[in-house]
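1. Compute the structure for the input listed below.
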Amino acid sequence: MQVLVTFRHVAPSGALRDYAEEKLQRIQKYVRKANEAHVILTVDKRRHIAEVTLNAARHTFTATEETTDLY
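-> Numbers count the residues shown, from 1 in each chain. Here you go, the predicted model:
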C-alpha cells in the first residue's frame, strides 16, 4: 500500500511520517486490496488535526481526528 503524507503548517518530520505509515500498515489485515492512503497532518494554533483517506478496491474510507498532540 502506498502512503502519502502531507504536512500543513508543520515542519516535515521523518518521525511523524514513519509513525503514520506504521499505523496504516495495521489496517491491511482488515481491509482487503487497500491501494493508497493519504494522510494530512495540520497544526492550527493548539489544534492538531489528522485526516486519513484510504482507497480500497471498491470503497473509500475517511477519518478525521483532532487532538493536542500529533502522535
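
2. Quick check: beta-bridge partners of the residue positioned nearest the centre of the chain?
-> Centroid-nearest residue in the chain: Val39, 3.0 Å away (criterion: C-alpha atoms, centre = their mean). Counting by DSSP bridges, Val39 is bridged to Val5, Val52.

3. wait, it sits on Ile49?
-> No. Taking C-beta atoms under 8 Å as the definition, Val39 is not a contact partner of Ile49, at 11.0 Å. Glycine gets a C-beta too; all of them are placed from N, C-alpha and C.

4. Which of the helices or strands spans Glu64?
-> No, residue 64 isn't Glu; it's Thr. Assessed by DSSP states H and E, Thr64 sits inside strand 60-67.

5. Would you mind pulling up the elements that that strand packs against?
-> On a contact count with 3 or more C-beta pairs under 8 Å, 6 or more residues apart in numbering; DSSP states H and E, strand 60-67 meets strand 47-55.

6. contacts for the strand it packs on?
-> Strand 47-55 has contacts (C-beta atoms under 8 Å, 6 or more residues apart in numbering) with 20, 24, 27, 31, 34-43, 60-70.

7. of the residues you listed, buried ones?
-> Among the contacts of strand 47-55, the ones that count as buried by 16 or more other C-beta atoms under 10 Å are 20, 24, 31, 34, 37, 39-42, 70.

8. Mind checking the pLDDT average for stretch 16-30?
-> The average of the pLDDT scores along stretch 16-30 is 90.
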